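> Coordinates for the following, if possible.
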Amino acid sequence: MNTKFIKLIVLLLITSIQLNAQQATEVNSTKVVQMLKSDSKLILLDVRTPDEFSSGHIKGAINIDVRQPDALNKIEKLDRSAKYIVYCRTNNRSGYVINSMVKSGFKTVYQMTDGITGWNQNGLPVNK
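Here you go, the predicted model:
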């Protein structure tokens, strides 16, 4: 009976760890449009360069250039309990940032996998 109890405790512990593990959710630009319409608290994080950002970005996006040495420090200062959609040109830089955010304990992080390129290809509006 003692062995069964220990196995049950171990199983519950493993399940609890898996449920609490953070992970990023991949979404495309058309899904992001729907998400932004239904949740005004989502924060858009554009991790491209300032020049790329000024050439066209999603309305309301915050720009943190991941290529700058202090980029991860800036991201670390963000609210970990907020919900973020991270994007770049395609999905390389955003993937790097997403991994860092998840490891740092950000609770809800989405990666726009088709990036601003997909956003533009879908004819969605940008701010300049």
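
> Can you pull out the low-pLDDT segments for the chain?
Along the chain, the model assigns pLDDT under 70 to residues 1-22.

> What ranges does it have for its helices?
For the chain, applying DSSP state H gives helices covering 2-20, 29-38, 50-55, 71-76, 92-103, 115-121.

> so how far is the fourth one from its chain's centroid?
Going back to what we said before, that points to helix 71-76. Computed by CA atoms, centre = their mean, to the nearest Å, the chain-centroid distance of helix 71-76 equals 14 Å.

> Please list the residues outside that helix that contact it.
Under the contact criterion CB atoms under 8 Å, 6 or more residues apart in numbering, helix 71-76 has outside partners L45, V47, I64, D65, V66, V97, S100, M101, S104. Yep, even glycine has a C-beta here, placed from its N, CA and C like the rest.

> what's around the residue nearest to the second one when sequence neighbours are not counted, how many residues?
By the measure of CB to CB, 6 or more residues apart in numbering, the closest residue to V47 outside its immediate chain neighbours is V66, 4.2 Å from it. V66 is surrounded by 21 other residues when neighbours are defined as other CB atoms under 10 Å.
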